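Student: test case, fold it:
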Amino acid sequence: MGAENLRFNKIIELIHSARENALRKVNEELIILYWNVGEYISKELETKSWGASYIDEIAKYISENCPEIKGFNRRGLYRMKQFYETYKDNEFVTTVLTQISWSNHLEIMSNAKTDEEREFYIRLCIKEKYSVRELQRQIDSGYFERYMLSKVTLAPESVPSKIKSKFLDTYVLEFLNLPDKFSELEFKKAIIGNLKNFILEVGKDFTFIGEEYRVQAGGSDYYIDLLFYHRGLACLVAFELKIGAFKPEHLGKMNFYLECLDRDHKNPKENPSVGIILCANKDDEIVEFALSRSLSPTMISEYTLKLIDKKLLKQKLHELTEIASFEDKG
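Tutor: Predicted coordinates for the structure are as follows:
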């Protein structure tokens, strides 16, 4: 079975690699498009006597004739013009523009004050494969200024999460006209990967069993985001992450998962499984426990005491949400 898994993992690696290459190619096309549009607008304004409303007219025309195309409003078109005019005479930058995301370009243009500083952060993004959140952290820390003052090689500020955007930028999603669910899935995966590590760090009695753990009912497959075993409580612990506000049906679905676990996966000597629902949205984070109705008040108290504290989970969820968020700068 182990040898088979190794062979099958190779297929998964090929899929991930192809997908990553495809997204990288989309990013390249997007950056080239924005550059060409910016160049066209800049030269039109330079060589012809268009009025100040020229860009407004372009934005209106695109909106009326191609309403499905996003990002080409007045603000977006001005940014494309700025993008071209900022780098058109910089030979180095023009050769590497497509190697970072549009969100990173916007962040650098908005915050870097000189050509030297812009080039510094572009090089850093390429080397470290920064997401926009990671780039923001370095800029906010004044990394360029500290580097110039010290005149020595500094290591960038460490970023707790190692979430790399791999060009899965908000603008790429808009360019492809992909549904919000696509972005939400990547957002969720980013949080889950870090959440698993956090649980293993702070929950000394937790043993990791699986991610997207499959349970079956009525001939259908269902998948639990994260499944652990808690040695102290001698029970399975299921974690489900929901993007958005908490809904009562989340609790119903978790109870369904717990029934599947207790019926098909729990050992006879183990205690009933417990579920933890985490809801992340732009306004707040919610953590709810789902406990079996068969548990006595004493056991409920023990479960609550030995599981990770709700406040700590909520605090960590907020932190991971902030780090993994796809910030829409459109």
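
Student: quick check: closest non-adjacent residue to residue 126.
Tutor: In space, and not counting its chain neighbours, residue 126 is closest to residue 99: 4.9 Å by CB to CB, 6 or more residues apart in numbering. Where C-beta positions appear, they are placed from N, C-alpha and C, glycine not excepted.

Student: that neighbour and residue 128 touch, don't they?
Tutor: No. Counting by CB atoms under 8 Å, residue 99 stays clear of residue 128, with 11.8 Å between them.

Student: which of these two has more neighbours?
Tutor: The residue with more neighbours, out of residue 99 and residue 128, is residue 99; 18 against 14, by other CB atoms under 10 Å.

Student: which non-adjacent residue is nearest residue 265?
Tutor: Distances taken as CB to CB, 6+ apart put residue 236 closest to residue 265, at 6.5 Å, once the chain neighbours are dropped.

Student: quick one: that neighbour and residue 272, what's the gap?
Tutor: 9 Å (CB to CB, to the nearest Å).

Student: more neighbours, those two?
Tutor: Between residue 236 and residue 272, residue 236 has the larger neighbour count (other CB under 10 Å), namely 25 against 19.

Student: wait, what's in contact with that one?
Tutor: 209, 227, 228, 229, 230, 261, 265, 266, 270, 273, 274 (CB atoms under 8 Å, 6 or more residues apart in numbering).

Student: buried stuff in stretch 10-24?
Tutor: Within stretch 10-24, the residues that qualify as buried are 23, 24, counting by 16 or more other CB atoms under 10 Å.

Student: oh sorry, the question was meant for stretch 103-115
Tutor: Residues of stretch 103-115 classed as buried by neighbour count (16+ other CB under 10 Å): 103, 104, 105, 106, 107, 108, 112.

Student: do you know how far residue 24 is from residue 172?
Tutor: Using CB to CB, residue 24 is found at 10 Å from residue 172.

Student: list residues touching both of residue 236 and residue 272?
Tutor: residue 266.

Student: how about the secondary structure of residue 188?
Tutor: helix (DSSP: H, G, I helix; E, B strand; the rest coil).

Student: ignore the last one, residue 276
Tutor: Per three-state DSSP, residue 276 ends up strand.
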